[in-house]
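Trainee: What follows is a protein structure lacking sequence information:
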């Protein structure tokens, strides 16, 4: 407080709070300033205080300041509201974040309306709610409505937005809807797919047993200069092996190691088990030994896989 001159401005208060490391001291400064005659907080002082409290996870105190902001119709900015939404997401207060979004949508000031950043923050929040397909299905309906509102309001989706929709549809088991978004990326939204676009779809297609489609996407992805992720390769190798295409599965297993992508234990076990079933146990043993000799699997994984093979096929 001693750093502030009499009749200080919001800009000066913002600078002092910015330099303060203790979030509680920041709140005390903010509250003290609120009681000073002829002083009125502006967007900058609200935003820096909310950021300090949010970063310190002092969410109850932050909530009080946020309520003050929402009560003043003529104060606000897109950046301020986005900060509030971000920290409510961090606090896992999704309902509060959505309420702030609705407040933004009802604002008459254009510089307070939701932007691409606002929508992407909300999409991130919905996608982080869990891996249960039923939960994802529930939130996907909200995401679908948000996306529609976004387009209707003239906010242009970017690659992050479109990938969020693809991922959401895949997680909620609506792979055909994910494919629709993918095919609209260039023609409708003037946005080129990136590696994440392909990876989400490859995983989703494999999960539904649509291995041929997944393989085509993998081929197209590599043609575009992208390398499939570990998750894509693992999904594809597992799907091929379980679908009886053992030779293809082994081929992709070697390809992923050449591309510095690590296979998981389940992937190795699935491939080796299917090699045993469709070829011979000796072929599986030889493949496992080759993987160990080339230092692709470590000693612990090798011994564990060898033990399972011997128990299942050498009795």
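Mentor: Happy to help now that I have it. Keep in mind it's a predicted model, so treat the numbers as computed, not measured.
Trainee: which stretches of this protein aren't confidently modelled?
Mentor: 1-5, 130-136, 313-315 (pLDDT under 70).
Trainee: Now do the strands in the stretch 151-300 of the chain.
Mentor: Using DSSP state E, counting those that start in this stretch, the stretch 151-300 of the chain contains no strands.
Trainee: hey, where'd the helices end up in it?
Mentor: 159-171, 175-187, 195-207, 211-223, 230-242, 246-258, 265-278, 281-293, 299-313 (DSSP state H, counting those that start in this stretch).
Trainee: which residues sit against the fourth one?
Mentor: Going back to what we said before, that points to helix 211-223. 195, 198-199, 201-202, 205-206, 228, 232, 235-236, 239-240, 243, 245, 248 (CB atoms under 8 Å, 6 or more residues apart in numbering). For every residue, glycine as well, the C-beta is placed using N, CA and C.
Trainee: of all the helices of the stretch 151-300 of the chain, which lies closest to residue 7?
Mentor: Distance to residue 7, taken as CB to CB, is lowest for helix 159-171 among these, at 44.5 Å.
Trainee: Can you give me the buried ones in the closest one?
Mentor: 160, 161, 162, 163, 164, 165, 166, 167, 168, 169, 170, 171 (16 or more other CB atoms under 10 Å).
Trainee: Turn those into a markdown table, including distance to residue 181.
Mentor: A markdown table is the format used below for these (distance: CB to CB, whole Å):
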| residue | distance to residue 181 |
| --- | --- |
| 160 | 13 |
| 161 | 10 |
| 162 | 6 |
| 163 | 9 |
| 164 | 10 |
| 165 | 5 |
| 166 | 5 |
| 167 | 10 |
| 168 | 9 |
| 169 | 7 |
| 170 | 10 |
| 171 | 13 |
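Trainee: list the contacts for residue 128?
Mentor: With CB under 8 Å, 6+ apart, residue 128 has these contacts: residue 89.
Trainee: where's it relative to residue 92, distance?
Mentor: For residue 128, the distance to residue 92 equals 9 Å [CB to CB, to the nearest Å].
Trainee: can you check residue 198 too?
Mentor: For residue 198 relative to residue 92 (CB to CB), the value is 31 Å.
Trainee: Tell me which of those two has more neighbours.
Mentor: Each of residue 198 and residue 92 has its neighbours counted (other CB atoms under 10 Å); residue 198 has more, 23 against 12.
Trainee: Tell me how many other residues crowd the spatially closest residue to that one that is not a sequence neighbour.
Mentor: Leaving aside its chain neighbours, residue 198 sits nearest to residue 221 (4.0 Å; criterion: CB to CB, 6 or more residues apart in numbering). Using other CB under 10 Å, residue 221 has 22 neighbouring residues.
Trainee: circling back: of the helices of the stretch 151-300 of the chain, give the one that comes closest to residue 104.
Mentor: It is, among those and with distance given as CB to CB, helix 159-171, at 16.8 Å.
Trainee: Show me the contact partners of the closest one.
Mentor: With CB under 8 Å, 6+ apart, helix 159-171 has contacts from 116, 119-120, 123-124, 126-127, 131, 133, 136, 139-140, 143, 147, 150, 157, 175, 177-178, 181-182, 185, 189, 191-194, 196-197, 200-201, 203-204, 207.
Trainee: what does stretch 285-295 give?
Mentor: Counting by CB under 8 Å, 6+ apart, 250, 257, 268, 271, 272, 275, 297, 299, 302, 305, 306, 309 sit against stretch 285-295.
Trainee: Need the buried ones from those selected in PyMOL.
Mentor: Listed next is the PyMOL selection for buried residues among these, using 16+ other CB under 10 Å:
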select buried, resi 250+257+268+271+272+275+297+302+305+306+309
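Trainee: Quick check: the two most widely separated of the contacts of stretch 285-295?
Mentor: Farthest pair in the contacts of stretch 285-295, by CB to CB: 250 and 299, 21.9 Å.
Trainee: Switch the helices of the stretch 151-300 of the chain over to JSON lines; also include distance to residue 45.
Mentor: Shown next, in JSON lines, are these (distance: least, CB to CB, whole Å):
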{"stretch": "helix 159-171", "distance to residue 45": "30"}
{"stretch": "helix 175-187", "distance to residue 45": "41"}
{"stretch": "helix 195-207", "distance to residue 45": "38"}
{"stretch": "helix 211-223", "distance to residue 45": "48"}
{"stretch": "helix 230-242", "distance to residue 45": "44"}
{"stretch": "helix 246-258", "distance to residue 45": "53"}
{"stretch": "helix 265-278", "distance to residue 45": "53"}
{"stretch": "helix 281-293", "distance to residue 45": "61"}
{"stretch": "helix 299-313", "distance to residue 45": "56"}
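Trainee: residues in contact with residue 113?
Mentor: 78, 104, 105, 107, 153.
Trainee: Thanks a lot, catch you later.
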